[in-house]
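Undergrad: show me how the following folds:
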Amino acid sequence: MASALCSPWDPYWSRYVSKTMNRHARELESTRLEPWCSSPLAMSVHGWDGMTYIDTSRVVIAPEAAMRVAIEVIDGNGLKIAVVVTDEGKLVGIVTDGDIRRALLAGLGLETPVQEFMRQTPRSAMLGTEKSILLGRLRHEQILHLPIVDEAGIFRDLAYLPAFEQLLYQENQVVIMAGGLGTRLRPLTENVPKPLVSVGGRALIDIIVDNLVAQGLTDITLCVNYLGHMLEEHLGDGSKFGARFTFVREEERMGTAGALSLLPKAPTKSFFVMNGDILTTVDFQAMLDFHRTSSAVATMAVNNHSYEVPFGVVEVSGRHLTKLTEKPKCNFLVNAGIYLLEPEVLEHVPERQFFDMTNLFDYLIERQLSAAVFPVRELWLDVGRHEDLIKANDSFGDGDPSKQAAKW
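TA: Numbers count the residues shown, from 1 in each chain. I've put the predicted structure just below:
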């Protein structure tokens, strides 16, 4: 169900599309290998086991800086963080990818000063702290960044866990709903299931799986129905993708959530569910972090959708015209077809019945169980119609979304 959204968010989606995970990974790897000379501490510990220090000039912003500046810094350094310091260099806050998304959901605009939504009094460590202690804190507290300050509170450096180490700990299961009939894509889907439709010379499902594996998500369950045997034959056990595949066969169509009742092994951690026709470069780790901080049992990814009313819209009071707006542009939050659920949510999925994910979220809301929304600010495309497939072939011409991100 769509939700109306105020206009300040609209430019964000068209001008500040996040870099893809592959590009982030390349930037992080480059950061790990280059000896950033402007940071004395970085020089002394560069390349040390598991932890990296960086050139501080790449992450700092002022409290008065606009949100758009924070976005540019976060996306530009590839670390998903901006450190907020005063003119004297004193640490006063941090802004992360998740903070940006929460600020946007709250309706804040791109010119909002970061001091209005930054995370104040962030966790930090003292300059000179043993490296083993710093690394232990990062892992134990499940954080990616730890600002380092001196006795005067001046920001001196930033310790963080590189993306490659983070991926080693990505044990969350992904369930892909791939049993749909693909009726809107006929005749292309008369003899093949929709996930096997070609996009840029590759099967749609191959692009989806490659993106998951690139982000460390390798435990993948596919729920199949229509021509499911073709999917199983094409994908195999997942080894050629660097993943582990499990197939759940629906004897009859069960909707976008019903097949969760058929999982052979119930997840023990937060797990992702996504539709099998979604092409996206969404940062799944960012979604997981967002979900954890929301204390929700279920999180739905949402995308911004704009619609221009082709007529002049009037507002009236009784018989009197009070306002006329010519062809207004309306913004909505729409379901992006990607979800993050806690294991206990499965208790609310009826066994072997047709049940859509919208039914599940309605059920959770009715029972006042916490359901959150995660705003997608990366590339996102629902390949459900012929016009969407044309756009997908244009954007994924070589099967590598990272090379096409600039188009979005």
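Undergrad: strands of the stretch 201-350 of the chain, residue ranges please.
TA: Assigned by DSSP state E, counting those that start in this stretch, the strands in the stretch 201-350 of the chain fall at 202-203, 219-224, 244-249, 271-275, 278-280, 298-308, 312-317, 320-326, 329-341.
Undergrad: switch those over to CSV; also include mean pLDDT, mean neighbour count and distance to residue 350.
TA: Where you see a C-beta, it was placed from the backbone N, CA and C, and this is true even at glycine. As requested, the strands of the stretch 201-350 of the chain are exported to CSV (pLDDT from 0 to 100; neighbours: other CB atoms under 10 Å; distance: least, CB to CB, whole Å):
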stretch, mean pLDDT, mean neighbour count, distance to residue 350
strand 202-203, 86, 16, 32
strand 219-224, 93, 23, 15
strand 244-249, 91, 17, 16
strand 271-275, 95, 24, 16
strand 278-280, 88, 22, 25
strand 298-308, 90, 19, 16
strand 312-317, 92, 10, 42
strand 320-326, 92, 9, 45
strand 329-341, 91, 20, 15
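Undergrad: redo those as TSV? Include distance to residue 104.
TA: Written out in TSV, the entries for the strands of the stretch 201-350 of the chain read as follows (distance: least, CB to CB, whole Å):
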stretch	distance to residue 104
strand 202-203	32
strand 219-224	30
strand 244-249	35
strand 271-275	22
strand 278-280	18
strand 298-308	9
strand 312-317	25
strand 320-326	24
strand 329-341	10
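Undergrad: out of those strands, which is closest to residue 259?
TA: strand 219-224 (3.8 Å; CB to CB).
Undergrad: the strands of the stretch 201-350 of the chain: which one's closest to residue 192?
TA: Distances from residue 192 to each of those were compared using CB to CB; the minimum, 9.0 Å, belongs to strand 202-203.
Undergrad: in its sheet, what does the closest one sit against?
TA: With DSSP bridges as the test, strand 202-203 is paired with strand 198-199 (antiparallel).
Undergrad: quick one: mean pLDDT over the partner strand.
TA: Strand 198-199 shows an average pLDDT of 84 in the prediction.
Undergrad: returning to that earlier point: right, and the strands of the stretch 201-350 of the chain - which one's nearest residue 369?
TA: Shortest distance between residue 369 and those, using CB to CB, is found for strand 298-308: 7.5 Å.
Undergrad: partner strands of that closest one, with direction?
TA: strand 329-341 (antiparallel), strand 371-375 (parallel).
Undergrad: so which of the strands of the stretch 201-350 of the chain is nearest residue 114?
TA: If you check each of these against residue 114 by CB to CB, strand 298-308 wins as the nearest, at 21.3 Å.
Undergrad: list the buried residues of stretch 103-119.
TA: Going by neighbour count (16 or more other CB atoms under 10 Å), the buried part of stretch 103-119 is 103, 104, 105, 108, 109, 110, 112, 113, 114, 117, 118, 119.
Undergrad: so which of the strands of the stretch 201-350 of the chain is nearest residue 65?
TA: When the strands of the stretch 201-350 of the chain are ranked by proximity to residue 65, the top entry is strand 298-308, at 23.3 Å, counting by CB to CB.
Undergrad: the closest one to strand 271-275, inter-axis angle?
TA: 30 degrees (axes from the mean of the first three to the mean of the last three CA atoms, to 10 degrees).
Undergrad: roughly how far is strand 298-308 from the heart of the chain?
TA: Centre-to-centre, strand 298-308 and its host chain are 12 Å apart (CA atoms, centre = their mean, to the nearest Å).
Undergrad: and if you look at stretch 209-216?
TA: The chain centroid and the centroid of stretch 209-216 are separated by 13 Å, computed with CA atoms, centre = their mean.
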